[in-house]
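[1] Using only what follows, build the 3D model:
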Amino acid sequence: MAQTPATAALSFGLLPMVTEKLTKGNYGMWHAQVSSALKGAQLTGFIKPTAKPPPEFLDTAGKNDDTADDKQVDPLPNPEYEKWVAKDSQVLSYLFSSLSKEIFSQVSSASTAAELWAAIQELHSPMSV
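    A predicted model of the protein is given here:
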């Protein structure tokens, strides 16, 4: 079932505040809070390694046969791309707000929710401890 803008806003409004910001010593508790909130809001797709937006522009090749071969057709923006970027930015913001300053400073260069999630996982993997 696709989310409408109203239900998307509602699901973000239902994300609970994280009571314990992520530090070096509380990953398990933080992960339980954040992952269950994202699952409940049906937003876990944005933190998966395979998460990527739909194409920024719609494929218009061969759609406009009335144009001459030498005439360029402006690409049409894909409205689904804008929606995806907006939702991903909200998930990214939620995750950033759940981090302590110490952790935030180590992962602040992430530009998508999936990048941030991967950076957090890497910080807390047994190999990096």
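[2] what about the protein, any weak spots by pLDDT?
    1-14, 61-70, 127-129 (pLDDT under 70).
[3] In it, where's the longest helix?
    Identified as the longest helix of the chain according to DSSP state H is helix 79-97.
[4] name the helices or strands packed onto that helix?
    Under the contact criterion of 3 or more CB pairs under 8 Å, 6 or more residues apart in numbering; DSSP states H and E, helix 79-97 touches helix 5-13, helix 27-40, helix 113-123. (Glycine included, C-beta is placed from N, CA and C.)
[5] what's downstream of it, the next helix or strand?
    The helix or strand immediately downstream of helix 79-97 is helix 101-107, counting by DSSP states H and E.
[6] List the buried residues in the longest helix of the chain.
    Judged by neighbour count (16 or more other CB atoms under 10 Å), helix 79-97 contains these buried residues: K83, W84, K87, D88, Q90, V91, L92, Y94, L95.
[7] which of the residues you listed lies closest to I103?
    Nearest to I103 out of the buried residues of helix 79-97 is L95 (CB to CB; 10.4 Å).
[8] close enough to count as contact, that closest one and V34?
    Yes - between L95 and V34 there is a contact under CB atoms under 8 Å: 6.9 Å.
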